[in-house]
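> sequence first, then the predicted structure, then my questions.
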Amino acid sequence: MATVKRPNVSVQASEAWLAYSCRWVEDLATEVCHFEGFIKHPRDIPLDFTIDNPPAYVAANKLKVHEGGMVFESSASLPVGVRIHLTVNLKGNHFILTGIVAHCIDIDGARYHIGVQFEQDNEHHSMRMIEQACHIEHYRKQACQYGRPITEDEAAREWISRFAAHFPR
């Protein structure tokens, strides 16, 4: 049986981590609620995108897409209805998704929340799995930042037991 030695973590770091982890569920619930079932992509996980030529006009409610989707922050405003190709870069792996821009919300004139929905159930399911992996990695990074280094496996086990039930379907 292997024994894992953990570094000593100060009481202050433990308290800060507990405060962060409790706030995480509240933040996730707020983000999900604000975007009506959309999963907000963590800002510290790289995401690239390209778009096809925008259509002349598409009413958002006429799109045949899966409910919910994902939201990411962009410095560019994008037209609703345009097909978007996303590449999520996670730990040297590149995950590619194709969706439709469902909304573009101006945050402050220089940043926008881009909402993407997916036409195929399998694409929506893939997005959800990729985003869970991104949120687990974000969780691991935050734990390390708060003085609590954990492995990828530990982060996955903790995140799943504490937050998976709050993650949008």
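Nice, thanks for sending it over.
> residues contacting the residue nearest to the spatial centre of the chain?
By Cα atoms, centre = their mean, the chain has its centre lying nearest to residue 41, at 2.4 Å. With contact set as Cβ atoms under 8 Å, 6 or more residues apart in numbering, residue 41 has these partners: 47, 70-73, 88, 131, 134. Glycine gets a C-beta too; all of them are placed from N, C-alpha and C.
> got the phi/psi numbers for residue 141?
phi -60, psi -40 (degrees, to the nearest 10).
> same question but for residue 121, I mixed them up
phi -60, psi -40.
> what mean pLDDT does stretch 85-101 get?
For stretch 85-101, mean pLDDT rounds to 92.
> what does it contact?
Contacts of stretch 85-101 (Cβ under 8 Å, 6+ apart): 41, 45-52, 63, 65, 69-70, 72, 78-84, 114-119, 123, 126-127, 130, 133-134, 137.
> buried ones in the helix or strand hosting residue 155?
Using DSSP states H and E, residue 155 sits in helix 152-163. Residues of helix 152-163 classed as buried by neighbour count (16 or more other Cβ atoms under 10 Å): 155-156, 158-159, 163.
> can you redo those as JSON lines with distance to residue 107 and pLDDT?
Putting those into JSON lines (distance: Cβ to Cβ, whole Å; pLDDT from 0 to 100) gives the following:
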{"residue": "155", "distance to residue 107": "29", "pLDDT": "94"}
{"residue": "156", "distance to residue 107": "31", "pLDDT": "94"}
{"residue": "158", "distance to residue 107": "30", "pLDDT": "93"}
{"residue": "159", "distance to residue 107": "27", "pLDDT": "91"}
{"residue": "163", "distance to residue 107": "25", "pLDDT": "86"}
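> follow-up on the earlier one: out of the contacts of residue 41, which sit inside helices?
131, 134 (DSSP state H).
> ok, and the most crowded of the contacts of residue 41?
Tallying neighbours with other Cβ atoms under 10 Å puts residue 70 at the head of the contacts of residue 41, with 27 neighbours.
> roughly how far apart are residue 83 and residue 155?
34 Å (Cβ to Cβ, to the nearest Å).
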